[in-house]
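Colleague: Predicted model follows, preceded by the sequence.
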Amino acid sequence: MSSLNSNQEKKSSASKTKTQKTFPDGALLRTAGEGDDASVVAYPSVDIGANLVDDAFEKDANEVLQRAKKTGLRAVVVTGTSITGSQLAVEFAEEKSTDELRVYATCGVHPHDAKSATETTMSELRELASHPKCVAVGECGLDFDRNFSPQDTQKRVFEQQLALAKELGKPVFMHCRDAAEELRECVERAGCEFG
């Protein structure tokens, strides 16, 4: 029994060593082929929901980015959840992006912040979302669990952002909690499709 375990440990150790020599820690891996023809393929990985402009990361954002590089991430998308947060996300992306780890931003108004939208919010958001570092409109959507903003306000601001994304030809980074049917209806009313 111990020789079987020992052989399994040797195989496992050899397999781990081969993988560690070839791919960075944390890379998403897939085996292609079978038997002696099998090979391991690494997929480039992207973190699409990094809240690095949140106050909680003020002191260690650089450390987080270093860990992201070490684990094999190729890009990080920093989330904008308000006009101020979107501006910070774009500035962060401009400042921190490197050839080794590209940093991008989303620009949007989170459903929790929908109540703070004013007459100028969408024009400000249009300008931010037009920036080359902005890769999506959002984080936007509906959150009927917490209801920090009234539901009708969430729907209105979400639909405005869907229209903006359509106008700019950008994808939407959506948030949905306890509002799946209503979110689908908003998407359909805006003439957008899931895909």
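Modeller: Noted; the coordinates are in hand.
Colleague: Around the residue nearest to Val53 when sequence neighbours are not counted, count how many other residues there are.
Modeller: Closest residue to Val53 apart from its sequence neighbours, by CB to CB, 6 or more residues apart in numbering: Leu88 at 4.1 Å. All C-beta atoms are positioned from the backbone trio N, CA, C, and that covers glycine. Close neighbours of Leu88, defined as other CB atoms under 10 Å, add up to 18.
Colleague: correct me, but Leu88 touches Gly80?
Modeller: Yes - Leu88 is in contact with Gly80 according to CB atoms under 8 Å; the separation is 7.4 Å.
Colleague: quick one: low-confidence ranges for this protein?
Modeller: 1-31, 40-42 (pLDDT under 70).
Colleague: Tell me the spatial nearest neighbour of the spatially most central residue of the chain, not counting adjacent residues.
Modeller: The residue lying closest to the centre of the chain (CA atoms, centre = their mean) is Ile48, at 1.6 Å. Nearest non-adjacent residue to Ile48, counting by CB to CB, 6+ apart: Val77, 4.6 Å away.
Colleague: what about that neighbour, how many neighbours?
Modeller: The burial count assigned to Val77 is 23, neighbours taken as other CB under 10 Å.
Colleague: hmm, back to that, quick one: contacts of the host helix or strand of the residue nearest to the centre of the chain?
Modeller: When secondary structure is defined by DSSP states H and E, Ile48 falls within strand 45-50. Residues from elsewhere that reach strand 45-50, judged by CB atoms under 8 Å, 6 or more residues apart in numbering: 26-28, 64, 68, 71-79, 139, 173.
Colleague: and those, which are buried?
Modeller: Buried by 16 or more other CB atoms under 10 Å: Ala27, Ala68, Gly72, Leu73, Ala75, Val76, Val77, Val78, Thr79, Glu139, Phe173, out of the contacts of strand 45-50.
Colleague: Go ahead and measure how far the lengthiest strand in the chain is from the middle of the chain.
Modeller: Determined from DSSP state E, the single longest strand within the chain is strand 134-143. Mean-position distance between strand 134-143 and its chain equals 10 Å (CA atoms, centre = their mean, to the nearest Å).
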